[in-house]
Structure formats: C-alpha cells, structure tokens
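A.B. asks: Quick one, structure for this:
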Amino acid sequence: MRIRPIEDDDVAGVTALWDRCGLLRPWNDPMSDIRFARETKDSEIFIGLDDKALVATVMCGHDGHRGWLYYLAVEPDRQGERFGRAMVRHAEDRLRGLGVPKVELMIRKTNTGIVRFYGALGYETEPVVTMSRWLRQLGDTSHG
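C.D. replies: Here you go, the predicted model:
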C-alpha cells in the first residue's frame with residue numbers, strides 16, 4: 001500500500017469510503033471537515049492506495065502537546081489486511097516527527113471491535129470523561 005496526502009481528486013472517494021465505513025454523522029459534514037483539515041497547518045489527511053484503488057484513510061492533527069487521530073477507515077471488504085495498522089503507524093510517525101509526545105483518539109463505546117484494534121496497537125483506555133458543548137447549531141458547517 002502506498003500512503004500519501006489527500007488531493008482534490010480524492011475527496012469524493014474519501015467521503016464515500018467514510019460513508020461505507022459508517023463514520024459519517026449528521027452533525028459532522030465530511031466536506032467541511034476535509035476543507036478545515038486541509039486549510040490548517042496542524043492537520044493532515046492521508047489516503048492509502050493499493051495499486052490505484054483507495055483502500056484506507058486517516059486524519060491526524062495536533063495542538064503541539066497532544067496528537068489526535070480521526071477518520072481511520074479501511075474499505076470494508078479489505079479489513080483484516082493490515083491497512084488500518086499501516087495508516088495508524090503512518091499518522092503516528094508524522095506526529096512524532098513534529099515533536100508531538102502523545103496521540104489520542106475517541107471511540108464510541110458501542111464500537112468494541114475498534115477498541116480491540118487500537119488495544120492491539122498499544123493504545124490504552126484513559127481514566128477521563130469526555131465532555132462537550134455545541135457552539136453552533138446542527139447543520140451549520142462553517143468552521144470560522
């Protein structure tokens with residue numbers, strides 16, 4: 001698998017992959033997320049290609065202290081071929097190269113399979129509570 005940054009021509013395929021993987025939510029417009037990640041210096045989206053076929057994605061970002069992983073996706077009929085592991089390692093290497101000391105991610109409690117996946121990669125459950133508050137109304141996809 002060849003891993004590279006997302007390009008304009010990849011966007012439709014990436015959002016379709018995210019949809020097939022069940023990553024899309026009504027309150028997270030994927031086009032807005034992609035645009036925001038590509039316009040900021042602290043976020044990147046990588047795609048994984050097997051031959052020329054899009055098979056995987058990962059988004060990573062950081063605040064200088066903690067890195068975050070988002071939108072890890074592997075084509076459903078290609079899962080189990082170690083593409084996800086390679087994408088996570090690529091994002092970790094990128095963040096490590098930027099001097100980021102730790103990487104974190106959020107997983108829905110119901111997604112037990114992905115909890116096991118990350119556990120096998122050395123990720124640990126943290127004793128924290130995640131809290132949130134909406135700063136915009138549902139459907140508002142602006143980031144600025």
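
A.B. asks: What lies in contact with the top strand by length along the chain?
C.D. replies: The strand that spans the most residues within the chain, counting by DSSP state E, is strand 53-62. Contact with strand 53-62 is made by 1, 6, 10, 13-14, 17-18, 33, 37, 40, 42-49, 67-75, 78, 83-84, 86-88, 90-91, 94-95, 98, 100, 103, as judged by Cβ atoms under 8 Å, 6 or more residues apart in numbering. In short, each C-beta sits where N, CA and C put it, glycine included.

A.B. asks: Report the buried members of the residues you listed.
C.D. replies: Using 16 or more other Cβ atoms under 10 Å as the burial test, the contacts of strand 53-62 include 1, 6, 10, 14, 17-18, 33, 37, 43-48, 67-75, 78, 83-84, 86-88, 90-91, 94-95, 100, 103 as buried.

A.B. asks: which ones among those are found in helices?
C.D. replies: In this view, these that belong to helices under DSSP state H are 14, 17-18, 33, 37, 83-84, 86-88, 90-91, 94-95.

A.B. asks: Quickly note the distance from the residue nearest to L69 when sequence neighbours are not counted to L121.
C.D. replies: Using Cβ to Cβ, 6 or more residues apart in numbering and skipping residues adjacent in sequence, the residue nearest L69 is L105, 4.4 Å away. Distance, L105 to L121, by Cβ to Cβ, to the nearest Å: 11 Å.

A.B. asks: more neighbours, those two?
C.D. replies: Regarding L105 and L121, a neighbour count based on other Cβ atoms under 10 Å identifies L105 as having more, with 15 against 11.

A.B. asks: I'd say that one and Y70 touch.
C.D. replies: Yes. The pair L105 / Y70 is scored as a contact, 7.3 Å apart, by Cβ atoms under 8 Å.

A.B. asks: pretty sure V103 contacts H65?
C.D. replies: No. Judged on Cβ under 8 Å, V103 makes no contact with H65 at a distance of 11.1 Å.

A.B. asks: Which stretches in this protein count as strands?
C.D. replies: Counting by DSSP E, one finds strands in the chain at the ranges 2-5, 43-50, 53-62, 67-74, 103-104.

A.B. asks: of those, which approaches F117 most closely?
C.D. replies: strand 67-74 (8.8 Å; Cβ to Cβ).

A.B. asks: Before I go, just wanted to say thanks for your time.
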